[in-house]
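Student: coords please:
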Amino acid sequence: MLRGVLGKTFRLVGYTIQYGCVAHCAFEYVGGVVMCSGPSMEPTIQNSDVVFAENLSRHFYGIQRGDIVIAKSPSDPKSNICKRVIGLEGDKILTNSPSDFFKSHSYVPTGHVWLEGDNLQNSTDSRYYGPIPYGLIRGRIFFKIWPLSDFGFLRDSPNGHRFSDD
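Tutor: Got it, this is the predicted structure:
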C-alpha cells in the first residue's frame, strides 16, 4: 500500500516538473501574453491593453526598426518597458531634449538598440537613458488581444518620420 502511494506521488511530482519545464520553455522562447501599463506607447497601445509578445525574434536577431518590444528597464531591472525600436546598431539618431529645444545626434553602438515611446511627450526612453543592450530585449509585440475593439495586428508608428535613414 505504501509503495503504491509513494509511486503515485513520485509520478505526480515527475509530471508536474515535466509540465513546468515545458511551460517555462514556451514562455521563455515562444512567447506569452503581456499587459502593458503607462501612457508612453499611446495611441498605439493604451494603458492596460493586453498584447501577445513573441520571443523568437530576439533569439534570432529578427528585431527591426519600427518593431514594438518588451525590454528590461535599464534604470529598474525589476520592471519591463514597452517601446518602439527607432534605431539599430550603427544608426545615427536625431535626439531631442525633453523641451524639444536642443537637437543633436547620437550613434547606436554595436549590440545596442535605440527605443522610444510613441507618445514622445510622455515617455522615458533612450532619449533619457541612452541606447540599451540588445540582451535586455525580452520579446517583440505584434498583436493586440484586449480590448476586443482593437483586436488584431498593431498599427504603424504615429512618428514614422523618426525612421529616416539620413
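Student: Hmm, Asp125 is touching Asp118, no?
Tutor: No - at 10.1 Å, Asp125 does not count as touching Asp118 under the criterion of CB atoms under 8 Å. C-beta coordinates here come from the backbone N, C-alpha and C atoms, glycine included.
Student: For burial, what's the neighbour tally of the spatially closest residue to Asp91 that is not a sequence neighbour?
Tutor: Closest residue to Asp91 apart from its sequence neighbours, by CB to CB, 6 or more residues apart in numbering: Val108 at 4.8 Å. Residues lying near Val108 (other CB atoms under 10 Å) number 20.
Student: ok, now how distant is Val108 from Ile93?
Tutor: With distances taken as CB to CB, to the nearest Å, Val108 is found 6 Å from Ile93.
Student: list the residues that contact both of the two?
Tutor: By CB atoms under 8 Å, 6 or more residues apart in numbering, Val108 and Ile93 have these common neighbours: Gly87, Trp114.
Student: How about the contacts made by Thr80?
Tutor: Let me fix one detail, which is that residue 80 is Asn and not Thr. Shown in contact with Asn80 (CB under 8 Å, 6+ apart): Val34, Ile70, Ala71, Lys72, Ser73, Arg138.
Student: got the contact list for the third one?
Tutor: The contact partners of Ala71, by CB under 8 Å, 6+ apart, come to Asn80, Ile81, Lys83, Leu115, Ile132, Leu136, Ile137, Arg138.
Student: ok, now how distant is Lys78 from Met41?
Tutor: Using CB to CB, Lys78 is found at 20 Å from Met41.
Student: the more surrounded of Asp125 and Asp118?
Tutor: For Asp125 and Asp118, the more surrounded residue by other CB under 10 Å is Asp118, and the numbers stand at 23 against 20.
Student: for the protein, where's the lowest mean pLDDT among helices and strands?
Tutor: Every helix and strand of the chain was ranked by mean pLDDT, DSSP states H and E. The lowest is helix 56-59, at a mean of 73.
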